[in-house]
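> below are the sequence and a predicted model; questions follow.
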Amino acid sequence: MTPTQENNQEGAKETLFEAPPINEQERMVEAILFATAEPMTVKALNDRMPFGCDAAEALVYLRKRYEGRGVNVVKVGDAWAIRTSADLSFLMQKEMVETRKLSRAAIETLAIVAYHQPVTRAEIEEIRGVSVSRGTIDQLIELEWIRFGRRRMSPGRPVTFVVTQEFLDHFGLESARDLPGLKELRAAGLLESQPALGPLSETAEEDIEAGDEGQSEMFEE
Amino acid sequence: MTPTQENNQEGAKETLFEAPPINEQERMVEAILFATAEPMTVKALNDRMPFGCDAAEALVYLRKRYEGRGVNVVKVGDAWAIRTSADLSFLMQKEMVETRKLSRAAIETLAIVAYHQPVTRAEIEEIRGVSVSRGTIDQLIELEWIRFGRRRMSPGRPVTFVVTQEFLDHFGLESARDLPGLKELRAAGLLESQPALGPLSETAEEDIEAGDEGQSEMFEE
Amino acid sequence: MTENPSTFTQSLDVAERLSAEELVVDLEGFEGPLDLLLTLSRTQKVDLLKISVLKLAQQYLAFIEKAKELRIELAADYLVMAAWLAYLKSRLLLPPDATDEGLSAEELAAHLAFQLERLQAMRNAAAQLMARDQKGRDFFVRGLPEKYEMVRRVTYTASLLDLMQGYARVRTRDEFRPFVMDRENVFTLEEALDKMRHLIRFAGEWTDLASYIPKEWRLDPVRRRAATAAHFAASLELAKSGHVELRQFDTFGRIELKRKTPG
């Protein structure tokens, strides 16, 4: 028996205790990462795989195999997981956009802010003649059409509301001053008869004291 | 401009409305199937993919890609899923789901439904020679392995039972046609419903005259 | 099915009888008479299709007898099966009755053999099914499924016109009234008069004033009021000009009108 043969025989004996070929190990890592409910560390992978396996090496191959695929092998902390490729995340959710018309209360509130800014909530209520719900203000803030302005230097230091740049963009206005006045509204046929006051009087307080015509909200539904 | 250039331009314009290339579609199907534990129908896949995609074609490529891998693309009824390769089950001790041991009655009833579907309760009882307890049916329904099929168009309009997609998924079957030994059983005439003649069929004579064996439907609510 | 009846008792050898006794003790384990028959048939060690139903009937009846001796309560279906098998046995032993129109004993026996074979086949199928790779035991689903989310996003819209109308609404009181709306709900005297002039020619009898109001003006209260007023005013005009007579029997009662006959 030549030494070579001897070596071969020894080699054959060893294979009984040898780790599976690397591509088999790669399959194993793939199956485990697919089925586990949490990311797996290399150690945890090795603990599960047959004796002698090298999960770290198998991971290198697996990672390469999934490069550019719909899912990728990614490192999460010191553990590994299979995750949806970032560019395909849109497949995991469906966005349904629903367009709704703003409620009458919201439009009126918005209009008052636009014409009277900066305006307090109490003033808005005075002008509309009905209380303004918290939800209406919140909705307009969320739409980024109004925002908080400076606090009024009057007792209680109430917050004021002003319209935003977003509002101007949406309604195609250069500034809130470009809003058509009541005269123009009338000319446009939006108003039928004489109003008591101009819309752009400088201070809201005056409007309320003098005009007071927003009190009875006849069109409120 | 040469005609070729013109064509190119036209081609470029069209791509704006064209489906993504097939390898992109394959990635998408891959991502969607990886993300879910439930089998997905081709229709459900198409619904989630961009307009113009052909999930069925992408699936052909994807299935081939995962042949021999640690996870495989499998067909379940008219749906598709990714499942770990069965030869790697030894790695999955942790993922194993402890299933309640089914009674002999439940296992036999399940087999009868699978091989004889759609089958009425009376037919199951005729085959087993014993009444089927409500609990047995309930257990199989709860496991989502059987469900109600269409009512039989025979007197009393008895309900029938059929196996579910979950049944196919659980037992790794592409369809009910792939049940083991189905062909042989059919060839041996053992799946034909024969008129009941024995002493345990309550209304044997009438049944024969009426030419139908589903008369006594005890499960009718 | 050609066995000699006299050989039956002997054919139940000691081993069989012993096994039958064991069966008696284990009766609880059987799922009905068919199951018992299937178990008994195994002692014949032949293909189920070639089974001797006569012999099987004999075995079954012997088993039932034994159970009775041991005062084991038998479920009714075991007894029904015993009675049927006793009948079948006698039929199989007697020469066939040519006048009998029913199924022959051989046909009944063949069907029982079929039932046994089918039950056995289903048991084998069940075993094969359960031996398959199973989900959650041999193969596994995705452990980290991702949620498919339906994101509902609501966008609100309003135009500059909405805004201006809203403001106009707030800044004006009843002065601001949609012009068109009013028009829609006004039934003018002229219209009523015009219409009634044509209709009263046919009003030879007393008729309710309300019946002159067009259908589409009757449902909505606002419109009905407007139309009623217009028609009432018109009827006064017509009475004044001498075209109709009016009458009302009590306050708020219905108003009736009639064409005034000339002269």
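Looks like it came in fine. This one's a predicted model, so the numbers in the text were calculated from it and none came from an experiment.

> what about C:Ala168, neighbour count?
23 (other Cβ atoms under 10 Å in any protein chain shown). Just so you know, the C-beta spots here come from the backbone N, C-alpha and C atoms, and that holds for glycine as well.

> just checking, it touches A:Gly181?
No - under the criterion of Cβ atoms under 8 Å, C:Ala168 makes no contact with A:Gly181, lying 10.6 Å away.

> for stretch A:98-113, the distance to its chain's centre please.
22 Å (Cα atoms, centre = their mean, to the nearest Å).

> what are the buried residues along that stretch?
A:102-103, A:105-113 (16 or more other Cβ atoms under 10 Å in any protein chain shown).

> touching it from outside, list them.
Residues from elsewhere that reach stretch A:98-113, judged by Cβ atoms under 8 Å, 6 or more residues apart in numbering or on different chains: A:119, A:123-124, A:127-128, A:130, A:132-133, A:136-137, A:139-140, A:145-146, A:161-163, A:167, A:219-221, C:152-158, C:162-167, C:169-170.

> so which helix or strand takes in the closest residue in space to C:Ala126 that isn't next to it in sequence?
Counting by Cβ to Cβ, 6 or more residues apart in numbering or on different chains, C:Ala126 lies nearest to B:Ala111, which is 3.6 Å off, once chain neighbours are set aside. In the assignment (DSSP states H and E), B:Ala111 maps to helix B:104-116.

> for the record, mean pLDDT for that helix?
Across helix B:104-116, the average pLDDT comes to 94.

> and the strands in chain C?
Secondary structure of chain C by DSSP state E: the strands cover C:149-157, C:207-208, C:244-248, C:255-259.

> include mean neighbour count and distance to C:Val53 when you put the ones you listed into CSV, please.
Formatted as CSV, the strands of chain C follow (neighbours: other Cβ atoms under 10 Å in any protein chain shown; distance: least, Cβ to Cβ, whole Å):
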stretch, mean neighbour count, distance to C:Val53
strand C:149-157, 10, 63
strand C:207-208, 14, 92
strand C:244-248, 15, 101
strand C:255-259, 19, 97
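
> the ones you listed: which one's closest to chain A?
Comparing the strands of chain C by their distance to chain A (Cβ to the nearest Cβ), the top pick is strand C:149-157, with 4.1 Å.

> hmm, the closest one in reach of chain A?
Yes - on the criterion Cβ under 8 Å from any Cβ of the partner chain, strand C:149-157 is in touch with chain A at C:149-157.

> adjacent strands (with direction) for that strand?
Here strand C:149-157 is paired, per DSSP bridges, with strand A:93-101 (parallel).

> distance from the strand it pairs with to the middle of the chain?
In terms of Cα atoms, centre = their mean, the centre of strand A:93-101 is set 13 Å apart from its chain centre.

> please save the CA atoms from that strand in PDB.
Extracted in PDB, the C-alpha atoms of strand A:93-101 (Å, rounded to 0.1, in the frame of the first residue of the first chain):
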ATOM      1  CA  GLN A  93     -49.000  47.900   0.700                       C
ATOM      2  CA  LYS A  94     -51.700  49.300  -1.400                       C
ATOM      3  CA  GLU A  95     -52.500  53.000  -1.100                       C
ATOM      4  CA  MET A  96     -56.000  54.000  -1.600                       C
ATOM      5  CA  VAL A  97     -56.400  57.700  -2.100                       C
ATOM      6  CA  GLU A  98     -59.700  59.000  -1.500                       C
ATOM      7  CA  THR A  99     -60.500  62.600  -2.400                       C
ATOM      8  CA  ARG A 100     -63.100  64.300  -0.300                       C
ATOM      9  CA  LYS A 101     -64.500  67.700  -0.400                       C
END
